[in-house]
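[1] return a 3D structure for these sequence lines:
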Amino acid sequence: MFKKVVSKALLSVVMDKKARSKLDAAKARAEQTPAATAAEPQPASSEELRAAARQALDQAEKELASKPKPTADRKALIQQALAVRKKQTTLLDELGPDQKLKLQAMALEAFGLDPTKSGR
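    Numbers count the residues shown, from 1 in each chain. Modelled structure (predicted):
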């Protein structure tokens, strides 16, 4: 629920109303199509499956080989960011249920949404 609200809020910032309506219409069409027509046909035999898997692995290896290797500074920066994220996550886990609801209401207000209509 909260993810959906935040997603809609971010979309309203990034996309104009016309683009959002087109996106909603495309999602509605995708939901209406039967699963059988939307699914891709699978290779018939196990040999074809192995060949398709091998081809996908080869393609992934080529993509990884073509990317530049991260420098020591970049690795250190990534490790630092992961440590900060872990610390922030533990801080949120320590909050009580009332504090979490207050934090959620503050976030909804920050996005310009009405916290009384959040579905809770």
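[2] next SSE downstream of the helix or strand harbouring A56?
    Assignment of secondary structure by DSSP states H and E places A56 within helix 46-66. From helix 46-66 onward toward the C-terminus, using DSSP H and E, the following helix or strand is helix 72-93.
[3] circling back: now do the buried residues in the helix holding A56.
    Taking 16 or more other C-beta atoms under 10 Å as the basis for neighbour counts, none of the residues of helix 46-66 comes out buried. (Each C-beta comes from the backbone N, C-alpha and C, glycine too.)
[4] could you give me the average pLDDT of it?
    Averaged across helix 46-66, the pLDDT comes to 89.
[5] then that helix to CSV, C-alphas only?
    Only the C-alpha atoms of helix 46-66 are listed here, as CSV (Å, rounded to 0.1, in the frame of the first residue of the first chain):
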residue,chain,number,x,y,z
SER,A,46,15.7,-30.1,-23.6
GLU,A,47,18.4,-29.6,-26.1
GLU,A,48,16.8,-26.4,-27.2
LEU,A,49,16.5,-25.3,-23.6
ARG,A,50,20.2,-26.0,-23.0
ALA,A,51,21.2,-24.1,-26.1
ALA,A,52,19.0,-21.1,-25.1
ALA,A,53,20.5,-21.1,-21.6
ARG,A,54,24.1,-21.4,-23.0
GLN,A,55,23.4,-18.5,-25.3
ALA,A,56,22.0,-16.3,-22.5
LEU,A,57,25.1,-17.2,-20.3
ASP,A,58,27.5,-16.3,-23.1
GLN,A,59,25.7,-13.0,-23.7
ALA,A,60,25.9,-12.2,-20.0
GLU,A,61,29.6,-13.0,-19.9
LYS,A,62,30.3,-10.7,-22.8
GLU,A,63,28.4,-7.9,-21.2
LEU,A,64,30.3,-8.3,-17.9
ALA,A,65,33.6,-8.5,-19.7
SER,A,66,32.9,-5.3,-21.6
